[in-house]
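>>> Show me how the following folds:
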Amino acid sequence: MLTKTTLLLIAAAALQLACKAAAPPPIKVGVLHSFSGVMAASEKPVADAVLLAVEEINKSGGVLGRPIEPVVADGRSDPNVFQKEAERLITQEHVAVIFGCWTSASRKAVKPIVEKYNSLLFYPVQNEGLEQSPNIIYIGASPNQQLIPAVVWAKDHLGKRFFLVGSDYVFPRAANAIAKDVLRYTGGQVVGEYYVPLDGKDFTKIAEAIKKSKSDVVLNTINGDSNIYFFEALHEARLPSSKIAIFSLSLDENGIDSIQKRFQAHHPKEAAHFFKEHLAGTFACWNYFERIDNPLNAAFVDKFKKKYGRNYRVSDPAEAAYIGVKLWSQSTAEYGSIENPDELLNHLTHLSLPAPEGVVTIDKNNHARRTIRIGRLNETGSFDILWTSKWPITASPYPIFRTTAYWNDLLNRLYQGWNGQWAAAAQGRSGDGR
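Residues are numbered from 1 along each chain as shown. Next up, the predicted model:
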């Protein structure tokens, strides 16, 4: 005969099982970033931001009464892997949305996949524009929200002679085509233009070419770990920031830390001198800097540091990724379903969010309206903000000084020139290739 205690235990177990059976299933979301390869140091902090936003939403009850389950995938710094992983996340993991990509090459590889399956990608990084998709939410800056104001400001404040150096894939090539038009219209001059593979490490010849060019500004569109070797080459060529202005479009607070760590590990006696002579004084243009002075940003940075450590750095792509998750959850809650991305977009369009950088709004072209900022790195490793736009700027992905057909033809020529890829082969070009 069962005792009263045993009966109570059986009843409690049955109730627990019933509660589990009644619990709603989680909403799966894809987190697609590089955790290995040349882009890992740049992309991991962006994935961290997505996971922090998901954690916060779950603590508040989830979305539609359901917890969010992140499914993390490694793009391995390879656009082809990004494409395969995006398809796997959608067809096998059945994610409702993907948060991911850094390089435009990886975004362009994922674009036909999310369009094929009518899924959604929230893309958090500044880019060359020249694209609009009904299945991509572009949180990162378009050319008129970063590249163009950066070039105009640099020409007005730093000098007219520009040397262009970038990684050899779609963003630097297209961005520099836009930059050259801007300089042509504003009285600037291009005195050199060089590209290296995305995993390039040999910048010796480029540093010497910069030295001989007598340029005022180096417009740097190098991405990932290659920035480490670029600044190392400038150091070896004795090109301090006091002699030439380096204006970087893809180098954020985390990238600065990576460069410092490299020097501390390999050149410990020179590390302090290197930072003072070559990193301090470099310029950047982003929509967000860690040092933005407002209470919302102070709380934002603090929770990152509490989660990931006091030395953690918060960058523009990380803030944009965090914003993307919050916007998706808010629009999903308003719509009341995850089943129809087209309807979800109707709720997302014109949705505004008070963000650490200021108010961020999604416009009908699926691009975010964002504030522009230009900063200069100080000797403590943070960017002092030198200029800020008066209000958030509406994205214009296709610069108006050329036709859309012209820009599409430019992209097609790049794609065909790389044999149906959005980047040059990793080892396909030497360090002095134009």
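>>> Check the spacing between residue 259 and residue 103 real quick.
19 Å (C-beta to C-beta, to the nearest Å). Every C-beta, even on glycine, is put in place using the N, C-alpha and C of the backbone.
>>> Compare those two (neighbour count), which wins?
Taking neighbours as other C-beta atoms under 10 Å, residue 259 and residue 103 compare with residue 103 leading, 31 against 23.
>>> Count the neighbours of the closest residue to residue 289 other than its chain neighbours for me.
Closest residue to residue 289 apart from its sequence neighbours, by C-beta to C-beta, 6 or more residues apart in numbering: residue 383 at 4.7 Å. Per other C-beta under 10 Å, the neighbour tally for residue 383 reads 23.
>>> and residue 383, what pLDDT?
Confidence at residue 383, expressed as pLDDT, is 97.
>>> Pretty sure it sits against residue 314.
No. Contact between residue 383 and residue 314 fails when scored by C-beta atoms under 8 Å: they sit 11.7 Å apart.
>>> Now the common contact residues for those two.
Residues touching both residue 383 and residue 314 (C-beta atoms under 8 Å, 6 or more residues apart in numbering): 253, 290.
>>> For the residue lying closest to residue 200 once chain neighbours are set aside, give me its contacts.
Closest residue in space to residue 200, ignoring its immediate chain neighbours: residue 226 at 5.0 Å, by C-beta to C-beta, 6+ apart. Going by C-beta under 8 Å, 6+ apart, residue 226 touches 38, 167, 196, 198, 199, 200, 201, 203.
>>> Reformat the residues you listed as a markdown table; add neighbour count.
As requested, those are exported to a markdown table (neighbours: other C-beta atoms under 10 Å):
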| residue | neighbour count |
| --- | --- |
| 38 | 22 |
| 167 | 28 |
| 196 | 26 |
| 198 | 27 |
| 199 | 16 |
| 200 | 25 |
| 201 | 16 |
| 203 | 27 |
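>>> any idea which of those residues is closest to residue 414?
residue 167 (13.0 Å; C-beta to C-beta).
>>> isn't that closest one right up against residue 198?
Yes. With contact defined as C-beta under 8 Å, residue 167 reaches residue 198; the gap is 4.7 Å.
>>> Quickly list what's touching both of the two.
223, 224, 226, 423.
>>> separation between the last one and residue 62?
Okay, so that is residue 423. Residue 423 is 38 Å from residue 62, by C-beta to C-beta.
>>> The two: which is more packed in?
residue 423 (26 against 18).
>>> ok, the more buried one touching residue 169?
Yes. Using C-beta under 8 Å, residue 423 makes contact with residue 169 at a distance of 3.4 Å.
>>> what residues are shared contacts of those two?
103, 105, 198.
>>> Can you convert those residues into CSV and add a column each for secondary structure and pLDDT?
Below are the shared contacts of residue 423 and residue 169 laid out as CSV (DSSP: H, G, I helix; E, B strand; the rest coil; pLDDT from 0 to 100):
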residue, secondary structure, pLDDT
103, coil, 98
105, helix, 98
198, coil, 93
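>>> Make CSV from the residues you listed and add distance to residue 401 to it.
CSV is the format used below for the shared contacts of residue 423 and residue 169 (distance: C-beta to C-beta, whole Å):
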residue, distance to residue 401
103, 25
105, 25
198, 28
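>>> Just name the closest of the residues you listed to residue 97, please.
residue 103 (20.0 Å).
>>> which non-adjacent residue is nearest the residue nearest the centre of the chain?
For the chain, the residue nearest the mean C-alpha position is residue 125 (2.7 Å; C-alpha atoms, centre = their mean). Using C-beta to C-beta, 6+ apart and skipping the chain neighbours, the partner closest in space to residue 125 is residue 140 (4.2 Å).
>>> Give me the number of neighbouring residues for that neighbour.
28.
>>> Surely it touches residue 123?
Yes. Judged on C-beta under 8 Å, residue 140 makes contact with residue 123 at a distance of 6.1 Å.
>>> unless I'm mixing things up, residue 237 is touching residue 208, no?
Yes. Using C-beta under 8 Å as the test, residue 237 is close enough to residue 208 to be in contact (6.1 Å).
>>> ok, and the closest non-adjacent residue to residue 192?
Nearest one to residue 192, counting by C-beta to C-beta, 6+ apart, is residue 163 at 4.2 Å.
>>> mind listing what that neighbour touches?
190, 191, 192, 193, 209, 210, 213, 215, 217, 218, 219.
>>> My reading is that it lies in a helix. Confirm?
No. Residue 163 is assigned strand when assessed by DSSP: H, G, I helix; E, B strand; the rest coil, not a helix.
>>> Could you check how far it is from residue 278?
16 Å.
>>> now swap in residue 200 and tell me
From residue 200 over to residue 278 the distance is 18 Å, taken as C-beta to C-beta.
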